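Novice: Coordinates only, no sequence provided:
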């Protein structure tokens, strides 16, 4: 019995050795790509969209690649272990999709110089580490245009999450869009200091509506504010994915993260050996950001939204071009000047028309 | 004129306070029997997901609410078996229960993410809901809000006006003595733990069926822990529990309105205000330690093993 097992093992080993040497196994092996997400795939938001991108790349490249993902990975030391495992498991390219994965990615990349790494929303790069992100704020400009046209009170309630530049630039972009059609438009701002707390998000939306807002915008992750809008009979905007199911009568549109083409392209580059370290900050023009259908609005508003979308795509509309004042009326961007990307990324002031404070 | 503005504000206060009140009422009974169950958060989450799933599949919110309560009780049952029969440490088991419930609810809820539900219907009490000002606030709510008041009143009556309540409190104060007299300590504690789970499940059901009618992972976002703190805050007195839950809910809502009105106080400070208020009241109460000793169950968290 024992001997037979031993012989079998020996046989199998010999066969592998022969096949391996002749290269037959190698040719059949697909290129491996790994993904790690900070949230669950089922979060219906940020991580969900990344996984849709992974699936799209898999569908586009078929048998040639094999993708794997690890979800709900905590930022910090735990993520370093996961990234290391993915690299050791033979993945040729690894996508790390949250800001807090930045340092672990850089660290593991040093140990695996032949593996390509792609880090989402960070700023540290290396020869084998690229960074990529979406200009989410472009979508908020269009939301602002719609709000400016649709709001009767001229007051939009804005549920803010955490006061960081990413959120601030979205808010300023929104008011820029709103002022382009209604110069008297206002944003009433409430911070909840959380990314995700459905109960608190809905309380904030209720408070804003009670104070006279007839439209709700949000930079938090759940559909709760939109549900409140539906319940109270006002309009609102979705976040990260199409949330129309939660608010069939209230959602006007939603900015949707769209990673499909980017992932397919980068994996293709990695397979062909043409991959290069780069920094991508794509928006509507690159297709990384898409808008959900313009619903629950009259045709002329939908047309204005489409025009704004086209204008941003073609570069005719430059969102942060002067003159722009801050909320106290002090000039921040002079007429004729345009904010550089670096200044947008470090934005720490609220534009004119926003009622609320930015904690410093 | 200011009345018009204040009614919707108070309405949101009621909805913010109800889950806290429900869960804390259950925990009060559990703790009065001398058992500390730290797993409220887990039981609430499991209640929330089961309540949502059952409402979704059967279309009946009554069944959903019942299922939520039973799911909370089922998880509490596991806690009771571990701590009362197998004599596991209550603090460790409770913490494990909170973590288990979080994970379990996420697993069960996987296919319910991104699905919307119509919220629980509001029931208007005839005549009373027509009252000016308090009518719409107190008498035009969904039935879980009424249930939270009824439950608290029932618990208050049970603990201080019935023989069974006296026995429960006696067990919480001295399980050895109660056992010596002949009361079945383990069985009564078992029932108290199950009741606590039932209430936590209801609180979870309120979250996923009424407060924010959807399922999302970890949607209770720490409310279970606040309910736990509220019991101590109330020094184990039902009336103070009501006060605590509405104070906490009130400050939570008020800070959002203060921000919306543009009053320049850092929002981070406002966000911590409800917790700060809780600590402050705790300190004030703790100054008179005799009062706490009078109400706190003396055997809270202690293991009971019948000998002879």
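Specialist: All right, it came through fine. The model shown is predicted, which means the values in this text are computed figures rather than measured ones. Residues are numbered from 1 along each chain as shown, chains lettered A, B, ... in the order given.

Novice: Just to check, residue A:68 is in contact with residue A:34?
Specialist: Yes. Taking Cβ atoms under 8 Å as the definition, residue A:68 is a contact partner of residue A:34 at 5.4 Å. For the C-beta atoms, the positions are set from N, CA and C on the backbone; glycine is no exception.

Novice: Could you tell me which residues touch both of the two?
Specialist: Taking Cβ atoms under 8 Å, 6 or more residues apart in numbering or on different chains as the criterion, residue A:68 and residue A:34 both touch A:86, A:89, A:91.

Novice: Out of those, grab the one that's most surrounded.
Specialist: Most neighbours among these, by other Cβ atoms under 10 Å in any protein chain shown: residue A:86, with 26 neighbours.

Novice: Name the nearest residue to it, ignoring sequence neighbours.
Specialist: Of all residues not flanking residue A:86 in the chain, residue A:34 sits nearest, at 3.7 Å (Cβ to Cβ, 6 or more residues apart in numbering or on different chains).

Novice: Let me know whether my guess that that neighbour is in a strand holds.
Specialist: Yes. Looking at residue A:34 with DSSP: H, G, I helix; E, B strand; the rest coil, it is inside a strand.

Novice: who has more neighbours, residue A:68 and residue A:34?
Specialist: Taking other Cβ under 10 Å, residue A:68 and residue A:34 do not tie; residue A:34 has more neighbours (25 against 14).

Novice: who are the neighbours in contact with the more buried one?
Specialist: Counting by Cβ under 8 Å, 6+ apart, residue A:34 makes contact with A:67, A:68, A:69, A:70, A:86, A:87, A:89, A:91, A:93, A:94, A:95.

Novice: and if you look at residue A:243?
Specialist: Per Cβ under 8 Å, 6+ apart, neighbours of residue A:243: A:44, A:223, A:226, A:251, A:254.

Novice: 10 Å instead?
Specialist: Counting by Cβ atoms under 10 Å, 6 or more residues apart in numbering or on different chains, residue A:243 touches A:44-45, A:218, A:222-223, A:225-227, A:236-237, A:250-251, A:254, A:256, A:292, B:114, B:116.

Novice: Out of these, which sit inside strands?
Specialist: A:218, A:236, A:237, A:251, A:254, A:256 (DSSP state E).

Novice: just curious, which of those residues is nearest to chain B?
Specialist: Minimum distance to chain B across those is 11.1 Å, recorded for residue A:251 (Cβ to the nearest Cβ).

Novice: isn't that closest one right next to residue A:241, touching?
Specialist: No. Counting by Cβ atoms under 10 Å, residue A:251 sits too far from residue A:241 to count as a contact (11.2 Å).

Novice: For these two, list the residues in contact with both.
Specialist: A:223, A:292.

Novice: Can you pick out the residue with more neighbours from those two?
Specialist: residue A:251 (25 against 20).

Novice: Contact partners for the more buried one?
Specialist: A:223, A:226, A:229-230, A:235-238, A:242-245, A:292-296.

Novice: In helices, which of these appear?
Specialist: By the criterion of DSSP state H, membership of the contacts of residue A:251 in helices covers A:226, A:229, A:230.

Novice: Return only those of those residues found close to chain B.
Specialist: Counting by Cβ under 10 Å from any Cβ of the partner chain, A:226, A:230 from these sit close to chain B.

Novice: Reformat the ones in helices among the contacts of residue A:251 as JSON lines; add pLDDT and neighbour count.
Specialist: Formatted as JSON lines, the ones in helices among the contacts of residue A:251 follow (pLDDT from 0 to 100; neighbours: other Cβ atoms under 10 Å in any protein chain shown):
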{"residue": "A:226", "pLDDT": "93", "neighbour count": "30"}
{"residue": "A:229", "pLDDT": "95", "neighbour count": "31"}
{"residue": "A:230", "pLDDT": "93", "neighbour count": "21"}
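
Novice: Does at least one residue of the strand or helix carrying residue B:15 sit close to chain A?
Specialist: Residue B:15 is part of helix B:2-32, with elements assigned from DSSP states H and E. Yes. Under the criterion of Cβ under 10 Å from any Cβ, chain A is reached by helix B:2-32 at B:5, B:6, B:7, B:8, B:9, B:11, B:12, B:13, B:15, B:16, B:19.

Novice: Quick one: distance of that helix to the chain centre.
Specialist: Here the centre of helix B:2-32 is set off from its chain's centre by 10 Å, with Cα atoms, centre = their mean, to the nearest Å.

Novice: Mind listing what's buried along stretch B:228-241?
Specialist: Residues B:228-238, B:240-241 are the ones in stretch B:228-241 that count as buried (16 or more other Cβ atoms under 10 Å in any protein chain shown).

Novice: quick check: mean pLDDT across it?
Specialist: Averaged across stretch B:228-241, pLDDT comes to 90.

Novice: start to end distance for it?
Specialist: Distance across stretch B:228-241, first residue to last, is 11 Å (Cα to Cα, to the nearest Å).

Novice: any residue of it up close to chain A?
Specialist: No. Stretch B:228-241 does not reach chain A (Cβ under 10 Å from any Cβ); its nearest approach is 15.7 Å.

Novice: So what's the gap between that stretch and the chain middle?
Specialist: With Cα atoms, centre = their mean, you get 11 Å for stretch B:228-241.

Novice: so where's the stretch 201-308 of chain B uncertain?
Specialist: Scanning the stretch 201-308 of chain B for pLDDT under 70 picks out B:307-308.

Novice: List, one by one, the residues from it near chain A.
Specialist: Selection of the stretch 201-308 of chain B residues close to chain A by Cβ under 10 Å from any Cβ yields B:207-208, B:211-223, B:249, B:252-272.

Novice: what's the neighbour count on residue A:114?
Specialist: Neighbour count for residue A:114, taken as other Cβ under 10 Å: 7.

Novice: How about residue A:84?
Specialist: 16.

Novice: So it sits against residue A:117, correct?
Specialist: No. Contact between residue A:84 and residue A:117 fails when scored by Cβ under 10 Å: they sit 11.6 Å apart.

Novice: Could I get the shared contacts of residue A:68 and residue A:34 in a markdown table, plus columns for secondary structure, distance to residue A:140 and pLDDT?
Specialist: What follows is the shared contacts of residue A:68 and residue A:34, written out as a markdown table (DSSP: H, G, I helix; E, B strand; the rest coil; distance: Cβ to Cβ, whole Å; pLDDT from 0 to 100):
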| residue | secondary structure | distance to residue A:140 | pLDDT |
| --- | --- | --- | --- |
| A:86 | helix | 34 | 96 |
| A:89 | coil | 39 | 94 |
| A:91 | coil | 35 | 95 |
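
Novice: For chain B, state which of those is nearest.
Specialist: The closest of the shared contacts of residue A:68 and residue A:34 to chain B turns out to be residue A:86 (Cβ to the nearest Cβ; 22.6 Å).

Novice: these two touch, right, that closest one and residue A:108?
Specialist: Yes. Contact status for residue A:86 versus residue A:108: in contact at 8.6 Å, counting by Cβ under 10 Å.

Novice: okay, and the common contacts of the two?
Specialist: Common neighbours of residue A:86 and residue A:108 (criterion: Cβ under 10 Å, 6+ apart): A:94, A:96, A:115, A:117.

Novice: Any of the contacts of residue A:251 buried? List them.
Specialist: Burial by neighbour count, 16+ other Cβ under 10 Å: within the contacts of residue A:251 this picks out A:223, A:226, A:229-230, A:235-238, A:242-244, A:292, A:294-296.

Novice: residue contacts, residue 226?
Specialist: No chain specified, so I'll use chain A. Counting by Cβ under 10 Å, 6+ apart, residue A:226 has contacts A:159, A:201-202, A:205, A:216-218, A:235-239, A:243-247, A:250-251, A:254, B:116.

Novice: oops, chain B please
Specialist: Residue B:226 sits next to B:19-20, B:23-24, B:40-41, B:220, B:233, B:244-245, B:248-249, B:252, B:274-275, B:278 when contact means Cβ under 10 Å, 6+ apart.
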